[in-house]
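Engineer: could you look at this predicted model? Sequence included:
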Amino acid sequence: DAKTTQPNSMESNEEEPVHLPCNHSTISGTDYIHWYRQLPSQGPEYVIHGLTSNVNNRMASLAIAEDRKSSTLILHRATLRDAAVYYCILKTSYDKVIFGPGTSLSVIP
Amino acid sequence: NAGVTQTPKFQVLKTGQSMTLQCAQDMNHEYMSWYRQDPGMGLRLIHYSVGAGITDQGEVPNGYNVSRSTTEDFPLRLLSAAPSQTSVYFCASSYSWGPNYGYTFGSGTRLTVV
């Protein structure tokens, strides 16, 4: 079973920030939190990952709770191209990675 | 820079036929894996490899075989296709199996077994 839980779906208005939550209450100290997204009819693509500190890149920001039992992917200004399924996964040292069903994000013009 | 290349993009098989889904990467990645994705579901791990000559089973390995003779290639073989294997198949690679490395995915192979 996936080690993370995410809402099945979320909606956002275009050009507004989006906060996608992920719970991972059984996370261990060496697990990295990774986020991927899958646009319709495409393969998943890497978005961002982190261990303890918040992370920023050109696509998004990752906010990690102090106890690391949850995290939030932040899209600063949603565009129509951001409509996708977003997967939050835990990557454990040298172990298999399980993807859950993810969060389907809809962006309303 | 091609990344991860999967061929074919689409395939229709009859029940009982065999075929090989190809996956190649040009990034010198050690880790490669195969996932299947069924409608409305996440990705399920079929097989993975941590380097040439080393493979292991994932969540749903039954009905599939793999081998890894080179770093670049990781083919997935269906020995006797069944309708339950109708799915979209994704190949992914990573520089290392370690947790600090992200995956690069291919664009997928859509397989229909009739």
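Structural biologist: Here it is on my side, so go on.
Engineer: what about the strands in the chain?
Structural biologist: In the absence of a named chain, this looks at chain A. Here chain A has its strands, by DSSP state E, at A:9-13, A:18-23, A:32-38, A:45-50, A:55-56, A:61-64, A:70-75, A:84-91, A:103-108.
Engineer: wrong one, chain B
Structural biologist: Counting by DSSP E, the strands of chain B are B:4-7, B:10-13, B:19-25, B:31-37, B:43-51, B:54-57, B:64-66, B:76-78, B:87-94, B:104-105, B:109-113.
Engineer: quick one: which of these is nearest A:Glu15?
Structural biologist: Proximity to A:Glu15 (C-beta to C-beta) singles out strand B:104-105 among the strands of chain B, at 28.2 Å. All C-beta atoms are positioned from the backbone trio N, CA, C, and that covers glycine.
Engineer: residues contacting the closest residue to A:Gly43 other than its chain neighbours?
Structural biologist: Excluding its sequence neighbours, the residue lying closest to A:Gly43 (C-beta to C-beta, 6 or more residues apart in numbering or on different chains) is B:Phe105, at 3.7 Å. By C-beta atoms under 8 Å, 6 or more residues apart in numbering or on different chains, B:Phe105 lies in contact with A:36, A:43-45, B:4, B:90-92.
Engineer: can you point out the buried residues in stretch A:51-71?
Structural biologist: Neighbour counts over stretch A:51-71 (16 or more other C-beta atoms under 10 Å in any protein chain shown) mark A:55, A:60-64, A:68, A:70-71 as buried.
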